[in-house]
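Undergrad: Build the 3D model from these lines:
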Amino acid sequence: MVSAVDDFGISHLKLKDLIDFCKDTGLQSSVAATRIFSVKLLGVLHKFVGPDIKGFLSDVKPALLSALDTDTEYEKNPFAGAAAAPKRTIKSAEPTSASSGGLDGLPREDISGNITPTLLKGLESTDWKARLESIEAVNKVLEEANKRVQPNGTAELFGALRGRLGDSNKNLVIV
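TA: As a prediction, this is how the structure comes out:
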């Protein structure tokens, strides 16, 4: 898998599924070789995805996360941005698409179902405790989505958050 991703890139992959496979199966394996090659695969993915990949690995054991950093897998495969072109290409009749993500190919979560009228009303409340609870709820939703959200259905949320930039309680100002 490491050489296939390195040769062909990530345009034909479902990145979230591959990252979940590495986390749940590869890094949790009792076989050392499987763990080693999962770390190498995540390192190669770093070349195409960049530092955003670390957000999807937040629930991995710290010892395994340090393997990615101490083995310098990220340094061996530095993020190349748009210059990270695959070495080989696939001839396909179907056009390729980033797997419901942005240009980086990482998936974005639809949080519109979590943006309730109660949450929006709480952001506009005159009670600072209600505003704080709503801000914490928004932060939780963003953390659960790995801070990668789809833009649909978020216009009202961003408008309410914009109001928090000038909040009268300086402890609640979101920067």
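Undergrad: alpha carbons only for contacts and neighbour counts from here, please
TA: Noted.
Undergrad: how does the chain divide up, domain by domain?
TA: Listed domain ranges for the chain are 2-83, 112-172 (source: automatic domain parsing).
Undergrad: quick one, what contacts the nearest residue to residue 153 once chain neighbours are set aside?
TA: The shortest distance from residue 153 to any non-neighbouring residue, by Cα to Cα, 6 or more residues apart in numbering, is to residue 112 (5.0 Å). Counting by Cα atoms under 8 Å, 6 or more residues apart in numbering, residue 112 touches 152-154.
Undergrad: Narrow those to those that are buried.
TA: residue 154 (16 or more other Cα atoms under 10 Å).
Undergrad: residue contacts, residue 34?
TA: Residue 34 touches 26-27, counting by Cα under 8 Å, 6+ apart.
Undergrad: related to what we said a few turns ago, can you give me the pLDDT of the residue nearest to residue 153?
TA: Note on residue 112: pLDDT of 84.
Undergrad: What residue in this structure is the furthest from its centre?
TA: Here the centre of the chain is the reference, and by Cα atoms, centre = their mean the most remote residue is residue 126, at 33.8 Å.
Undergrad: what's that one sitting at in phi/psi?
TA: As for residue 126, its main-chain torsions (degrees, to the nearest 10) stand at phi -80, psi -20.
Undergrad: For residue 119, see how far away it is.
TA: 14 Å (Cα to Cα, to the nearest Å).
Undergrad: One more: residue 158?
TA: Separation of residue 158 from residue 119 (Cα to Cα): 12 Å.
Undergrad: Quick check on the two: which one has the bigger neighbour count.
TA: Shown here are residue 158 and residue 119; by other Cα atoms under 10 Å, residue 119 has more neighbours (20 against 13).
Undergrad: helix or strand for that one, which one?
TA: helix 117-123 (DSSP states H and E).
Undergrad: Quick check: mean pLDDT of that helix?
TA: 89.
Undergrad: Same question for stretch 142-156.
TA: Here stretch 142-156 scores 81 as its mean pLDDT.
Undergrad: now the helices for this structure?
TA: Here the chain has its helices, by DSSP state H, at 2-8, 15-21, 32-49, 62-70, 73-76, 117-123, 128-144, 155-164.
Undergrad: most tightly surrounded among these?
TA: helix 32-49 (a mean of 21; mean count of other Cα atoms under 10 Å).
Undergrad: Run through this protein and note the low-pLDDT ranges.
TA: Flagging of the chain using pLDDT under 70 yields the residue ranges 67-106, 174-175.
Undergrad: All set, thanks.
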